[in-house]
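Peer 1: just the structure for this:
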Amino acid sequence: MHQYSLAHLSMIQTPPIDVVRAAASAGFDFTGFRLTPTASGVDHQIIGNGTAIAELKSAIDDLGVGILDLEVLRLKDSGPTTDPLPLFEAAEYLGARYVITTLEDPDPVRRIDSLALLAQQAAEYGVGLSVEFMLFSCAPDLAAACEAVQATGAANVVVLADVLHLTRSGGTPDDLLDYPARLFPYVQICGASGAGPAPDATTARTEAVNARLMPDVGDLAVRAFIECAPATSILSVETPLAGLGNPDDPAALAAQLLASAHRSAGE
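Peer 2: Okay, the predicted model is just below:
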């Protein structure tokens, strides 16, 4: 049996404290939070709010749900688009294992240097970085992300593989077998219509944000992806369903997502 995490993007407008409650109610082992503002303007205002983060920590401790990751640090040509230290401080305080990081600097040497420096800073807080590849980033596929992560030589940097991004970038589940298992402590799963590569980056971005399905629904090779991931990988359910970013009943949605994830894994 795998361990499972509820990704915040599955219900992005739900406040983090309610995400923890929903994850605990459904039986998830972990959850995570988007603590930087989204492109659409969702901002839960946890960073810098001592009262809010203390209440969140109390709920985490009371409910016994692990915190897998926080989002997100974006590395551009000038470095991180936001000061990383408050996010690392929040990760340390909340007990999060990773901060999700995206590579958006077109210079291959500079982005590795930036990632290595960020890893050093994260390590001071006992935090890791998970580098997510996406067709619409400067790490567009699995190979690019693995190359960048391995080039840093940092033990606290891993690759975040998402079955949707893998498929839309032209990859297949068995591509995971080409790399060391230690790179994939967790992976993301969802469903989607269509089993082939995306026609372009814009289409891939739109689908990733707005058009996913339950993990056991659609055409993605989710079962094969899970089987090719390391047996110890935590399965993070990142499934932003159209119209359900702010569900009336987060706990009910979380339960549906977890049941679907179990089915997709054959459990």
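Peer 1: which ones are touching the closest residue to residue 18 other than its chain neighbours?
Peer 2: For residue 18, ignoring the flanking residues on the chain, the nearest one in space by C-beta to C-beta, 6 or more residues apart in numbering is residue 250 at 5.5 Å. Where C-beta positions appear, they are placed from N, C-alpha and C, glycine not excepted. Neighbour list for residue 250: 11, 14, 18-19, 21-22 [criterion: C-beta atoms under 8 Å, 6 or more residues apart in numbering].
Peer 1: looks like residue 153 contacts residue 116 (just checking).
Peer 2: Yes: in this structure, residue 153 is within contact of residue 116 by C-beta atoms under 8 Å, at 7.3 Å.
Peer 1: okay, residue 240: pLDDT?
Peer 2: In this prediction, residue 240 carries a pLDDT score of 89.
Peer 1: meant to ask about residue 41
Peer 2: Per-residue pLDDT puts residue 41 at 89.
Peer 1: that one: neighbour count?
Peer 2: Other residues lying near residue 41 total 6 when counted by other C-beta atoms under 10 Å.
Peer 1: distance of it from residue 241?
Peer 2: As judged by C-beta to C-beta, to the nearest Å, residue 41 and residue 241 stand 20 Å apart.
Peer 1: so residue 136 makes contact with residue 201?
Peer 2: Yes: using C-beta under 8 Å, residue 136 is in contact with residue 201, at 4.0 Å.
Peer 1: first vs last residue of stretch 34-49, how far apart are they?
Peer 2: 15 Å (C-alpha to C-alpha, to the nearest Å).
Peer 1: let me redo that: stretch 60-78
Peer 2: Using C-alpha to C-alpha, first and last residues of stretch 60-78 are 35 Å apart.
Peer 1: so how far is that stretch from its chain's centroid?
Peer 2: 9 Å (C-alpha atoms, centre = their mean, to the nearest Å).
Peer 1: let me know the secondary structure of residue 131.
Peer 2: The assignment at residue 131 comes out as strand when based on DSSP: H, G, I helix; E, B strand; the rest coil.
Peer 1: so it sits against residue 149, correct?
Peer 2: Yes: with contact defined as C-beta under 8 Å, residue 131 counts as touching residue 149 (5.4 Å).
Peer 1: return every residue with contacts to both of those two.
Peer 2: Residues touching both residue 131 and residue 149 comprise 115, 157-159, with contact defined as C-beta under 8 Å, 6+ apart.
Peer 1: which one (most neighbours) among these?
Peer 2: That'd be residue 159 among these, by other C-beta under 10 Å, with 27 neighbours.
Peer 1: where does it land on pLDDT?
Peer 2: 98.
Peer 1: where's it, which helix or strand?
Peer 2: Using DSSP states H and E, residue 159 sits within strand 157-162.
Peer 1: who does that strand touch, helix- and strand-wise?
Peer 2: Judged by 3 or more C-beta pairs under 8 Å, 6 or more residues apart in numbering; DSSP states H and E, the packing partners of strand 157-162 are strand 98-103, strand 128-132, helix 142-152, strand 186-189.
Peer 1: can you pull the buried residues of the helix or strand just after the last one?
Peer 2: The reference is to strand 186-189. Downstream of strand 186-189, the next assigned helix or strand under DSSP H and E is helix 201-210. Buried positions in helix 201-210, judged by neighbour count with 16 or more other C-beta atoms under 10 Å: 204-205, 207-209.
Peer 1: thank you kindly, that will do.
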